[in-house]
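# Test case, fold it:
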Amino acid sequence: MKAIVFAIGTLLASASVSATQCPDLLKFAKRKLNSQEVVNLCETYQGKAVLFVNTASYCGFTPQFKGLEALYDKYKDKDFVVLGFPSHDFNQEDNDEGKTAELCKLTYGVKFPMFEPIAVRGDDVDPLYRMLAKKSGTTPKWNFYKYLMDKDGNIVDSYSSMTKPDDEDLIADIEKAIAAPMHSGVQ
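Okay, the predicted model is just below:
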């Protein structure tokens, strides 16, 4: 009996350590695009460098989906992920999640995780994007604004919509973020 109690105590202690080490930017649960499935960002992406991107289906920057997918495909096995968040804040996203999902998959071959549409600025800004703005000191100016988080949960930099996914500086920052070892002092 003591062994069972000890095992349960050890399990609970390790779970609480994991939860406390999770970066603030991942302490959210988000629903997948056009789905009822909810993803715990901490459980799924902790220990990875993350590129957060607010997306839109009907924007001049929408072709960046192709480059974002190429980044994801190139680095996904190296502790890196792109997370897409459709937003209608700039009046260029479809109100039908099904159409957004279809455009992402069929037109651009997107396989990186896409989540429910959210507000990325303004009074009703999603808490994740509120935290991204606070930690980076900047809010999205337009669709396809990017934030790079290292494996410890620190913002490396933010990138304007004009920064294409194949931008040399962005790629260098991603490679640096995935090459750096994790530290125990997670934010």
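# tell me the pLDDT at the residue lying closest to N95 once chain neighbours are set aside?
The spatially closest residue to N95, leaving aside those adjacent along the chain, is H88, at 7.2 Å (Cβ to Cβ, 6 or more residues apart in numbering). Any C-beta I mention is one placed from the backbone N, CA and C, and that applies to glycine too. On pLDDT, H88 comes in at 92.
# check contacts around H88.
By Cβ atoms under 8 Å, 6 or more residues apart in numbering, the residues touching H88 are 56, 95, 117.
# got any ranges where the chain has weak pLDDT?
Under the criterion pLDDT under 70, the flagged ranges of the chain are 1-20, 184-187.
# need the strands for it, in chain order.
Per DSSP state E, the chain carries strands over the ranges 29-31, 38-40, 49-55, 80-86, 146-149, 155-159.
# contacting residues around the first one?
Among residues not part of strand 29-31, those counted as contacts by Cβ under 8 Å, 6+ apart are 37-41, 85, 115-116, 128.
# What's the PyMOL line that selects buried ones from those residues?
Buried members of the contacts of strand 29-31, defined by 16 or more other Cβ atoms under 10 Å, are picked up in PyMOL with:
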select buried, resi 39+41+85+115+116+128
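# Relative to M182, which of the contacts of strand 29-31 is nearest.
L41 (16.5 Å; Cβ to Cβ).
# how near is the closest one to I155?
Look at L41 and I155: by Cβ to Cβ, to the nearest Å, they are 15 Å apart.
# and if you look at L128?
To I155, L128 is 13 Å away according to Cβ to Cβ.
# what do those two both touch?
By Cβ under 8 Å, 6+ apart, the residues touching both L128 and I155 are L25.
# count of neighbours near N91?
9 (other Cβ atoms under 10 Å).
# That one and V39, how far apart?
Following Cβ to Cβ, the distance that separates N91 from V39 is 27 Å.
# Might you report the residue contacts of the closest residue to K151 other than its chain neighbours?
Distances taken as Cβ to Cβ, 6+ apart put M182 closest to K151, at 4.7 Å, once the chain neighbours are dropped. By Cβ under 8 Å, 6+ apart, the contact set of M182 is 47, 151-152.
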